[in-house]
Structures are given as structure tokens and as C-alpha cells.
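Asks: Give me a model of this one.
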Amino acid sequence: MFGPTYDWIFALICGVLAVVFFLGKGQAVLRAFTSRDQRDKKSKRTPEEELRYQRAIAMFLLMLTVTSVLMATLGTIYAWVSWVQIAAVIIGLIVVVKYLRKNFPE
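Replies: Numbering: from 1, shown residues only. From the prediction side, this is the model:
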């Protein structure tokens, strides 16, 4: 999108976050982006539900990583790769939001 260097850095960040969430250690990251009001009102999830929640987020981050690597390697050669990346991000975001709303209504 902005150049291969940006795509590699973005892929690295998303890849590290995906690994953290796959390992189930992403609670601190989630807490950092949750406001105090939401934390007070939020119902507690069981550890199994929390792991499923984090793995759903990890799958989306992994998809972002793969599309960013494709963009970094093939984006300068093929112009259509950027459209594939945009479509994949939109579709992935819709699927993840639907999954989270269905399985974790809060």
C-alpha cells in the first residue's frame, strides 16, 4: 500500500500479535484497548471462551499478515494484489465481527 518496507513492518507486527493471541496471552493487549467503563460492565468470560475469543482475533491478524506479505512481495509487480488485499481485509473483518457477535454477545 505505502511501499514494501511498510508492508513488511506491518506484517511483522501483525504476525507477532497473532502468535501472542494464538498462545492465549493477548489479555493485556485487549485490556489496553478497552475503556474503564466497558471493563466494569463487561461480563467475565470463562477461560475456554477467552481462548476462543483470542484465537478468532488471531485468525484475523494472521490473515492480515499473509495479505501484507503478499503485498510486500508481489505488490510492486502486480497491481491487482492491492485489490485482493483490500477485499480480503473487508471480508475477513465482516466474518470476524459476525463470529464474535454470534458467540460472544456483550
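
Asks: what's the distance between the residue nearest the centre of the chain and Phe10?
Replies: The structure's the chain has its C-alpha centroid closest to Leu61; by C-alpha atoms, centre = their mean the separation is 2.9 Å. Distance of Leu61 to Phe10, given as C-beta to C-beta, to the nearest Å: 11 Å. The C-beta positions use only the backbone N, C-alpha and C, and glycine is treated the same way.

Asks: Now do stretch 18-36: distance to the chain's middle.
Replies: 11 Å (C-alpha atoms, centre = their mean, to the nearest Å).

Asks: So which bits of that stretch are buried?
Replies: Residues of stretch 18-36 classed as buried by neighbour count (16 or more other C-beta atoms under 10 Å): 18, 20-22, 26.

Asks: Likewise for stretch 70-89?
Replies: Judged by neighbour count (16+ other C-beta under 10 Å), stretch 70-89 contains these buried residues: 70-72, 74-75, 81, 85.

Asks: Tabulate the residues you listed (CSV), appending secondary structure and distance to Leu93.
Replies: CSV is the format used below for the buried residues of stretch 70-89 (DSSP: H, G, I helix; E, B strand; the rest coil; distance: C-beta to C-beta, whole Å):
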residue, secondary structure, distance to Leu93
Leu70, helix, 17
Met71, helix, 17
Ala72, helix, 20
Leu74, helix, 22
Gly75, coil, 20
Val81, helix, 19
Gln85, helix, 12
